[in-house]
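**Q** sharing a model that was predicted from the sequence below.
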Amino acid sequence: MESKQVETSDGAFDVAVGGPQSAHVVALLPGSDDPGIYDEVCARLHESGLRTVVIGAPGATPSEAAVLEVLDSLGLSWVNLVGNGDGAEVAWLLAARTFGRFVSLIVTDRGHPAIPDATGTVRAADCPPVEVPTTVIVGDQVYREAAELSGRRVYADFRVVSFEDPAGITAAGQQLATEIVLRTSTW
């Protein structure tokens with residue numbers, strides 16, 4: 001994958017671009033504490049004919065505006081959006097507030113920001129519904145209820161998928177890649 005830094009109004013962000021030239025692009029937002037979760041996933045997505053763009057690095061999750069600036073600088077106007085950890089929180093907000101920019105949304109271990117999380121906290125009560133096909137992947141069962149309730153805030157096809165791996169979502173690269181391929185497919 002080609003690594004570069006893209007300057008945004010929030011500062012410079014690491015961006016890794018790879019895979020075949022394709023009309024289907026997957027933008028991946030890692031969480032600030034992710035230990036390279038997308039390395040294996042991107043390799044599998046490339047084998048499936050998908051181009052990938054990983055925005056951010058451990059310790060540096062970009063804001064909504066910064067993600068849009070990175071996508072604009074790369075000339076990407078229509079992408080599938082994937083987020084993990086706090087990257088998932090940004091992905092939910094982007095998909096909900098940026099109509100016509102995203103094909104689909106895949107998030108791990110986070111519910112819609114207007115739905116109470118496992119501690120009862122609502123992160124963004126004013127967050128509008130998402131209007132793109134959405135998959136919520138549950139690796140830690142503490143997120144299961146928020147994932148299920150998120151269906152109320154998705155006005156499109158909605159799925160919740162559980163991974164039964166005790167190591168959580170970071171150990172489920174093959175399964176995560178499969179869910180991304182399923183969601184990005186046009187059939």
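**A** Done, it's in. Numbers count the residues shown, from 1 in each chain.
**Q** from here on, contacts and neighbour counts on C-alpha atoms
**A** Fine.
**Q** report the buried residues of stretch 49-61.
**A** Residues of stretch 49-61 classed as buried: 49-57, 60-61 (neighbour count, 16 or more other Cα atoms under 10 Å).
**Q** just stretch 74-84 next, same as before
**A** Applying 16+ other Cα under 10 Å to stretch 74-84 flags 76, 78-84 as buried.
**Q** same question, stretch 29-48
**A** Neighbour counts over stretch 29-48 (16+ other Cα under 10 Å) mark 29-34, 37-38, 41-46 as buried.
**Q** avg pLDDT for it?
**A** Mean pLDDT, computed over stretch 29-48, is 84.
**Q** what's the end-to-end length of it?
**A** One end of stretch 29-48 sits 19 Å from the other (Cα to Cα, to the nearest Å).
**Q** what does stretch 33-52 give?
**A** End to end - Cα to Cα - stretch 33-52 spans 20 Å.
**Q** hmm, who's touching it?
**A** 16-22, 24-28, 30, 54, 57-59, 85, 170, 173-174, 176-177, 181 (Cα atoms under 8 Å, 6 or more residues apart in numbering).
**Q** how about a cut-off of 7 Å?
**A** 17-22, 24-27, 58-59, 170, 173-174, 176-177 (Cα atoms under 7 Å, 6 or more residues apart in numbering).
**Q** list the neighbouring strands of the helix or strand harbouring Ile137 plus their orientation.
**A** Take DSSP states H and E as the rule and Ile137 turns out to sit in strand 134-138. Strand pairing for strand 134-138, determined by DSSP bridges: strand 102-108 (parallel), strand 158-162 (parallel).
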